[in-house]
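A.B. asks: Sequence plus the predicted model coming up.
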Amino acid sequence: MNQEITVPNPLEQVIRLVLDAVSSPLTRVMYSHAMTEYFAWWEEQGRPAFIRATVQKYRAHLEARGLAPASINQRLSALRKLAKEAIYNGLLDPAAGQGIRDVRGAKVQGTCTGNWLTKAQAEKLINSPDTNTLKGRRDRAMLAVMIGCGLRREEVAQLRLQDVQQRDGRWCIVDIRGKHGRVRSVPMPSWAKVAIDAWTATAEISEGALFRGVNKGDSLTGDSLTSQGVWRCVEKYSDVAPHDLRRTYAKLAHKGGAKLDQIQLSLGHASLTTTERYLGVHQDLHDAPCDYIKLDLSAAE
């Protein structure tokens, strides 16, 4: 059995082995990007054998680029998955594949809380697009949804107008399918709904994809926006990443007094620990929840 993957032409056939084995749409996007990037490097290196030494060399290449440990580990995760699927499909010797899967990831030092905007900065960002144009109204609505609902950029790109519905007397984005197929509904602030209504009324959208392409002539193209299009929108008006707006949502909500478990549910985190780490929240023994429970022991006597 070969210890080198026979990569067909086009490379998409190999990538498909991995993507077909992944259920989460968001993970598919990440794995596809990671493997496309790896194979570009692999071509430059003269197509070396897919073995442990090659993957270690690639990890060193990623480190030399100055990527964050989390970004490096995401890319290595995709390659480990590729090795696993290559073994299953008889393209890679199990021993060689295990060597790849045992390659250590980059060490993460401490917890990175990332960037976020203050309330004033968030307001300035949302009001940055020129709402005299169709594109400006779309961009303002998109930024309002990202900051007001904490969606991932992939989730924003996949939004449909019919996903915005009323629940318990308020507007929500319902049944969002996020990471690992987890489904959630997210309440929407009134100001975000106002921005959406201004956009859809001008664009004359009554169903289907909520955010769509706008050409240079400021006319609707009809094509739904991609996650990369969402990224470009945020990049145009600020120097923060789309995920920083999701973090801004969590930070502003928490600072405003929102309950931690409700922030967790809106973000779609599987664990409250993830939300706490996301917010940089630490246990405060001087102001503990139990201090707010005022009971009279004499009542039990």
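C.D. replies: Yes, it's here. Residues are numbered from 1 along each chain as shown.

A.B. asks: For the rest of this, base every contact and every neighbour count on C-alpha atoms.
C.D. replies: Noted.

A.B. asks: For Lys236, the count of nearby residues, please.
C.D. replies: Counted with other C-alpha atoms under 10 Å, residues neighbouring Lys236 total 12.

A.B. asks: And for Asp20?
C.D. replies: Using other C-alpha under 10 Å: Asp20 sits among 10 other residues.

A.B. asks: For it, give its distance to Lys81.
C.D. replies: To Lys81, Asp20 is 11 Å away according to C-alpha to C-alpha, to the nearest Å.

A.B. asks: OK, contacts around the most centrally placed residue in the chain?
C.D. replies: Using C-alpha atoms, centre = their mean, the residue of the chain that lies closest to the mean C-alpha position is Arg152, 4.3 Å off. Listed by C-alpha atoms under 8 Å, 6 or more residues apart in numbering, the contact set of Arg152 reads Met146, Pro242, His243, Arg246.

A.B. asks: Now render these as a markdown table, adding secondary structure.
C.D. replies: A markdown table is the format used below for the contacts of Arg152 (DSSP: H, G, I helix; E, B strand; the rest coil):
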| residue | secondary structure |
| --- | --- |
| Met146 | helix |
| Pro242 | helix |
| His243 | helix |
| Arg246 | helix |
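
A.B. asks: Turn these into CSV, including distance to Ile176.
C.D. replies: Below are these laid out as CSV (distance: C-alpha to C-alpha, whole Å):
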residue, distance to Ile176
Met146, 14
Pro242, 18
His243, 17
Arg246, 15
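
A.B. asks: List just the nearest of those to Val103.
C.D. replies: Distance to Val103 across those (C-alpha to C-alpha) is lowest for His243, with 28.1 Å.

A.B. asks: The closest one touches Arg153, doesn't it?
C.D. replies: Yes: with contact defined as C-alpha atoms under 8 Å, His243 and Arg153 form a contacting pair (7.3 Å).

A.B. asks: out of these two, which sits in the busier spot?
C.D. replies: Just comparing His243 and Arg153: by other C-alpha under 10 Å the higher neighbour count belongs to Arg153, 23 against 20.

A.B. asks: what about the helices in the protein?
C.D. replies: Remark: helices assigned in the chain by DSSP state H are 12-19, 25-44, 52-64, 69-88, 94-101, 119-126, 134-149, 153-158, 190-203, 227-237, 242-255, 260-267, 272-279.

A.B. asks: quick one: low-confidence parts of the stretch 51-200 of the chain?
C.D. replies: For the stretch 51-200 of the chain, the stretches flagged by pLDDT under 70 are 108-114.

A.B. asks: at 50 instead, please
C.D. replies: Scanning the stretch 51-200 of the chain for pLDDT under 50 picks out 110-112.

A.B. asks: okay, now the domains of the protein?
C.D. replies: Domains of the chain are assigned by automatic domain parsing as 12-101, 119-279.

A.B. asks: Quick one: those domains as CSV, columns for distance to Lys107 too.
C.D. replies: Below are those laid out as CSV (distance: least, C-alpha to C-alpha, whole Å):
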stretch, distance to Lys107
domain 12-101, 6
domain 119-279, 17
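
A.B. asks: Report how many residues lie close to the closest residue to Ser271 other than its chain neighbours.
C.D. replies: The shortest distance from Ser271 to any non-neighbouring residue, by C-alpha to C-alpha, 6 or more residues apart in numbering, is to Gln264 (7.6 Å). By other C-alpha under 10 Å, the residues close to Gln264 number 19.

A.B. asks: cool, and Thr226?
C.D. replies: 18.

A.B. asks: In terms of secondary structure, what does the lengthiest strand in the chain contact?
C.D. replies: Criterion DSSP state E: the longest strand present in the chain is strand 170-177. Where contact means 3 or more C-alpha pairs under 8 Å, 6 or more residues apart in numbering; DSSP states H and E, strand 170-177 is packed against strand 164-167, strand 183-187.
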